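Participant: Using only what follows, build the 3D model:
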Amino acid sequence: MEKHRGACFDALTWVRESNDLGHWCRFFLQAVEETAEQGKETFHQLLALRQEIDGRIVTLGRRAENGRRLIQLLYRRPVVNVAQVASELGLQYQAANQLVAALGALHLLEEVTGCQRNRFFRFRPYLDIFRAEK
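Facilitator: Numbering: from 1, shown residues only. Reported below is the predicted structural model:
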């Protein structure tokens with residue numbers, strides 16, 4: 001509805017002026033259908049991303065299990081810092097920092113602050129799926 005805000009107001013005005021409730025129902029059902037199609041497409045993109053990430057994580061060797069755990073965290077919280085990763089995964093700071101760097105090398109995490117300290121990283125491929133919807 002937000003995407004077609006102007007058309008929504010036009011449809012409501014038409015209903016009020018002409019008493020044609022069917023016009024509003026058709027508009028509303030088209031919006032529901034479009035939203036459902038977008039949701040379905042997003043779901044398919046997320047499934048494809050998950051499969052792609054699973055293939056990349058395997059390349060981490062002995063860190064693969066922690067990599068999978070970090071990915072699960074990133075699906076819930078797509079922007080993190082190293083301290084959060086260490087806390088959530090129960091790792092030492094240095095191990096968490098190395099894991100974040102490894103996911104950065106796989107182009108799964110991207111540093112966004114430009115700082116040397118207190119850096120934040122975003123799960124760019126995941127966020128890009130939702131950015132593409134708009």
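Participant: where along this protein do the helices fall?
Facilitator: Taking DSSP state H, the helices of the chain run over residues 5-18, 21-57, 64-76, 82-89, 93-105, 124-132.
Participant: For Cys115, which of the ones you listed is the nearest?
Facilitator: Judged by C-beta to C-beta, the one of these that comes nearest to Cys115 is helix 82-89, at 12.1 Å. For every residue, glycine as well, the C-beta is placed using N, CA and C.
Participant: for that closest one, which positions count as buried?
Facilitator: Neighbour-count burial for helix 82-89, with 16 or more other C-beta atoms under 10 Å as criterion, is recorded at 82, 84-86, 88.
Participant: Ok, stretch 93-107 next?
Facilitator: Using 16+ other C-beta under 10 Å, the residues of stretch 93-107 that count as buried are 95-97, 99-100, 102-103.
Participant: now do stretch 115-134
Facilitator: Taking 16+ other C-beta under 10 Å as the neighbour-count basis, stretch 115-134 is seen to contain the buried residues 121-123, 125-126, 129.
Participant: So what does Leu106 look like in phi/psi?
Facilitator: Summarising the backbone geometry of Leu106 under the convention degrees, to the nearest 10, its torsions are phi -90, psi 10.
Participant: ok, now which ones touch it?
Facilitator: Remark: with contacts taken as C-beta atoms under 8 Å, 6 or more residues apart in numbering, Leu106 is in contact with 56-57, 59-60.
Participant: any idea how far Leu29 is from the spatially closest residue to Ala83 that is not a sequence neighbour?
Facilitator: In space, Ala83 comes closest to Tyr93 once its chain neighbours are excluded; the distance is 6.9 Å by C-beta to C-beta, 6 or more residues apart in numbering. The spacing between Tyr93 and Leu29, counted by C-beta to C-beta, to the nearest Å, is 53 Å.
Participant: what residues does stretch 11-24 touch?
Facilitator: With C-beta under 8 Å, 6+ apart as the contact definition, stretch 11-24 has outside contacts at 27-28.
Participant: which residues touch Ala86?
Facilitator: For Ala86, the contacting residues are 92-93, 95-97, taking C-beta under 8 Å, 6+ apart as the criterion.
Participant: oh sorry, the question was meant for Thr59
Facilitator: Leu106.
Participant: if we can go back for a sec, tabulate the buried residues of stretch 115-134 (CSV), appending pLDDT and distance to Lys40.
Facilitator: Below are the buried residues of stretch 115-134 laid out as CSV (pLDDT from 0 to 100; distance: C-beta to C-beta, whole Å):
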residue, pLDDT, distance to Lys40
Phe121, 97, 30
Arg122, 97, 25
Phe123, 97, 22
Pro125, 95, 19
Tyr126, 95, 18
Ile129, 93, 13
